[in-house]
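**Student:** give me coordinates for this.
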Amino acid sequence: MEGQDTSNAGQESVSFEPLPPPPPTYGWQPPPHVPPPGGWPRPYNPFMELVTTIKTMLWSVGFITFLIMLFMSFIIVLGMTPEIQDWVTTPIPQAADPSILELPIEYIFIITPVPTLLFTINGPAFQAWHFMILGILVCAFTYANFDMLKCWMSKKGRVLASFITPEKATSSLEGVAKLFMASIFFSVAYFIFLAMINVEMGSPDFDSLSRPELIYGLFSASVYEEFISRVLLVGVPLVIAGLIQKRDKPFLKIFGGGLGLTPLTLALITFSSLMFAFAHVASWDFWKVPQVLITGYALGWAFTRYGLHASILIHFSINLSSSVTEIWPNNAGVEMLMSIFILIWMVAGAYFFIHYLIEFLTKLMPKRLVLQASTAPPPVMGYAPPPPPHWQQMQYQPPPPTNWQYPQGTVPPPPRAYDQPQQPPPARPIVQPPPQRPQPAGSGGFVCPNCSSTGASYDAGKLTCMKCGSVHVKEQPVEKKEEKQQIEF
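**Tutor:** Residues are numbered from 1 along each chain as shown. Model (predicted):
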């Protein structure tokens, strides 16, 4: 076509709209190298595997032997009931004047730095007292076994886990076994220390006591002394503190159980242990104080964590652990069996003694040493930073796929990750048409009246400006005789 720029003929303008913004991130996303749900797998350590196996064997064998001893001692006490009742109702000669007969006397006292006598009972009152102490012991024994069975039946596989892993043995009777073995370990180690420094501890004359008198004295002390040592010196002060602080149900603390090692409970356990230890000086000597003091801590710990029944059973187990030899004296088989049991309790008790000592010292320290958890990532992979504080009130949702589009009429949620403003999406550049070559003046080319562009496309007698898109109709030139006009297209 005459006057048309043919350099861009057949070409159309090219322009691109900016891309839609990418879907915003939904809340905080965990960075890479986060620990898996089960934690980072620990590398195999043969030494730790050996230690775990030995600990499992010691705990399993120690707990089984403890249950055997506890059940045998309990059966012995129940079987000795008729004999003890005969002893209570049979007059015996007085120590000062053997010609005078009197009924056996029970002394009711409280402990201070020295035992303080309150009153004495004998005859029918002594009989009723014996049955009351025996009933309390039966209740403690029954409740401890019920609590253990309830824990075992709470979850499938709990029985095996309790026998294999001592940390998973959380019932009160299993806690009694751990504290009992720890106390036996310290007592035997303390006796060995006294033998090394050539010190002989004084003790009461147990040989002068009859069998029912000895058995009654051992098991009744395990019940009554826990009332005057733990209930009066730990439980009652906790009730008074609860009333002063106006806490809910403060009277439930009088028998212990479910209490943590707070500064108040630690102070009360220490006070009751000291009173309990010095009360033994009158019948033993001052060398007995360290042994009874550590045992008092174990009894106080059991009282606050599990309850009065646990401290009674620990005291009962320590006192009656040698009662089998009193029933069958001079029996080599029984003595050998008890020696094996004590050796097992010593070895297993060493682990539990160290475990409880570390836990007790940790409670006393103002700051704990924070050990690296098993879920921490390996150092070579880096550490995953924690989420921002506001993430605790959000709910994580995975980001949508890249080809996902918002439904019509919905507005995408604003970005919230780390409270950072969303960056504007990158826009594609708009492709401009190539520059047009200027037309010489008077050449008859097209000049758009709107934008002065000289580029146009022709179709069916219409010219379309390639810059602004305006459409013009081409008119045929008309020649006049008088004057010739030229229209530039």
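**Student:** next, the buried residues of stretch 333-344.
**Tutor:** By neighbour count with 16 or more other C-beta atoms under 10 Å, stretch 333-344 contains the buried residues L337, M338, F341, I342, I344. All C-beta atoms are positioned from the backbone trio N, CA, C, and that covers glycine.
**Student:** correction: stretch 164-174
**Tutor:** Result for stretch 164-174 [16+ other C-beta under 10 Å]: buried residues I164, P166, A169, S171, S172, L173, E174.
**Student:** can you pick out the most distant pair from those?
**Tutor:** Farthest apart among those by C-beta to C-beta are I164 and S172. That separation is 19.5 Å.
**Student:** returning to what we had before: what would the buried residues of stretch 164-174 look like in TSV with secondary structure, distance to G300 and pLDDT?
**Tutor:** Output for the buried residues of stretch 164-174, formatted as TSV (DSSP: H, G, I helix; E, B strand; the rest coil; distance: C-beta to C-beta, whole Å; pLDDT from 0 to 100):
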residue	secondary structure	distance to G300	pLDDT
I164	helix	29	89
P166	helix	21	91
A169	coil	21	91
S171	coil	19	94
S172	helix	15	94
L173	helix	18	95
E174	helix	18	95
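**Student:** and of those, the nearest to T464?
**Tutor:** Among these, I164 lies closest to T464 (C-beta to C-beta), at 88.0 Å.
**Student:** what sits against that closest one?
**Tutor:** I164 is in contact with T56, S60, counting by C-beta atoms under 8 Å, 6 or more residues apart in numbering.
**Student:** how much space between it and F180?
**Tutor:** With distances taken as C-beta to C-beta, to the nearest Å, I164 is found 20 Å from F180.
**Student:** same question for M196.
**Tutor:** M196 sits 25 Å away from F180, going by C-beta to C-beta.
**Student:** who has more neighbours out of those two?
**Tutor:** Ranked by neighbour count (other C-beta atoms under 10 Å), M196 and F180 place F180 first, with 27 against 8.
**Student:** what helix or strand does the more buried one sit in?
**Tutor:** helix 172-196 (DSSP states H and E).
**Student:** in that helix, which residues are buried?
**Tutor:** Buried residues in helix 172-196, counted by 16+ other C-beta under 10 Å: 172-188, 190.
**Student:** isn't V473 up against Y458?
**Tutor:** No: using C-beta atoms under 8 Å, V473 makes no contact with Y458, being 11.1 Å away.
**Student:** which one of these two has more residues nearby?
**Tutor:** Higher neighbour count among V473 and Y458: Y458, with 16 against 8, using other C-beta under 10 Å.
**Student:** can you tell me the SS state at that one?
**Tutor:** In terms of secondary structure, Y458 is strand; the call rests on DSSP: H, G, I helix; E, B strand; the rest coil.
**Student:** how close does it get to G257?
**Tutor:** Y458 sits 101 Å away from G257 when distances are taken as C-beta to C-beta.
**Student:** and if you look at T265?
**Tutor:** 12 Å.
**Student:** got it, and E326?
**Tutor:** Separation of E326 from G257 (C-beta to C-beta): 32 Å.
**Student:** now A348
**Tutor:** Here A348 is placed at a distance of 25 Å from G257 (C-beta to C-beta).
**Student:** looking at those two, which has the bigger crowd around it?
**Tutor:** Comparing A348 with G257 by neighbour count (other C-beta under 10 Å), the higher total belongs to A348, at 28 against 17.
**Student:** what helix or strand is that one on?
**Tutor:** Going by DSSP H and E, A348 is part of helix 332-364.
**Student:** so which elements touch that helix?
**Tutor:** helix 46-79, helix 172-196, helix 288-305, helix 323-327 (3 or more C-beta pairs under 8 Å, 6 or more residues apart in numbering; DSSP states H and E).
**Student:** before we move on, the earlier item: overlap of the contact sets of T265 and G257?
**Tutor:** Both T265 and G257 are in contact with T304, where contact means C-beta under 8 Å, 6+ apart.
**Student:** quick one: secondary structure of H472?
**Tutor:** strand.
**Student:** where does the prediction get shaky in the protein?
**Tutor:** Applying pLDDT under 70 to the chain flags residues 1-41, 366-445, 460-461, 474-489.
**Student:** which residues in it form strands?
**Tutor:** Counting by DSSP state E, one finds strands in the chain at the ranges 92-93, 101-102, 105-111, 115-122, 456-459, 462-465, 471-473.
**Student:** for those, which one sits closest to K156?
**Tutor:** That would be strand 105-111 among those, by C-beta to C-beta, at 46.0 Å.
**Student:** flag every buried residue along the closest one.
**Tutor:** Across strand 105-111, burial judged by 16+ other C-beta under 10 Å covers E106, F109, I111.
**Student:** and stretch 62-81, by the same measure?
**Tutor:** G62, F63, T65, F66, M69, L70, S73, F74, I76, V77, M80.
**Student:** quick one: residues in contact with it.
**Tutor:** Residues outside stretch 62-81 that contact it (C-beta under 8 Å, 6+ apart) are 130, 134, 137, 141, 163, 169, 174, 177, 180-181, 211-212, 215-216, 219, 313, 316-317, 320-321, 323-324, 327, 341, 344-345, 347-349.
**Student:** excluding chain neighbours, what is closest to F227?
**Tutor:** Leaving aside its sequence neighbours, F227 sits nearest to L308 (C-beta to C-beta, 6 or more residues apart in numbering; 7.9 Å).
**Student:** now do the same contact list for that neighbour.
**Tutor:** Per C-beta under 8 Å, 6+ apart, neighbours of L308: A140, E226, F227, R230, V231, G235, F255, G256, G257.
**Student:** so how far is L463 from the third one?
**Tutor:** Which is F227. Distance, F227 to L463, by C-beta to C-beta: 115 Å.
**Student:** more neighbours: which of the two?
**Tutor:** Neighbour count, other C-beta under 10 Å: between F227 and L463, L463 has more, with 20 against 17.
**Student:** list the beta-bridge partners for that one.
**Tutor:** Applying DSSP bridges to L463 gives these bridge partners: Y458, H472.
**Student:** how near is it to L137?
**Tutor:** Separation of L463 from L137 (C-beta to C-beta) stands at 116 Å.
**Student:** just A298 next, same as before
**Tutor:** To L137, A298 is 19 Å away according to C-beta to C-beta.
**Student:** the more surrounded of these two?
**Tutor:** Applying other C-beta under 10 Å to A298 and L137 shows that A298 carries more neighbours, namely 25 against 21.
**Student:** ok, now which ones touch the more buried one?
**Tutor:** L179, F180, A182, S183, I314, Y356.
**Student:** and with 7 Å instead?
**Tutor:** Residues in contact with A298 (C-beta atoms under 7 Å, 6 or more residues apart in numbering) are L179, A182, S183, I314.
**Student:** who's in contact with the third one?
**Tutor:** By that I understand S183. Applying C-beta under 7 Å, 6+ apart to S183 gives the contacts I294, T295, A298, I318.
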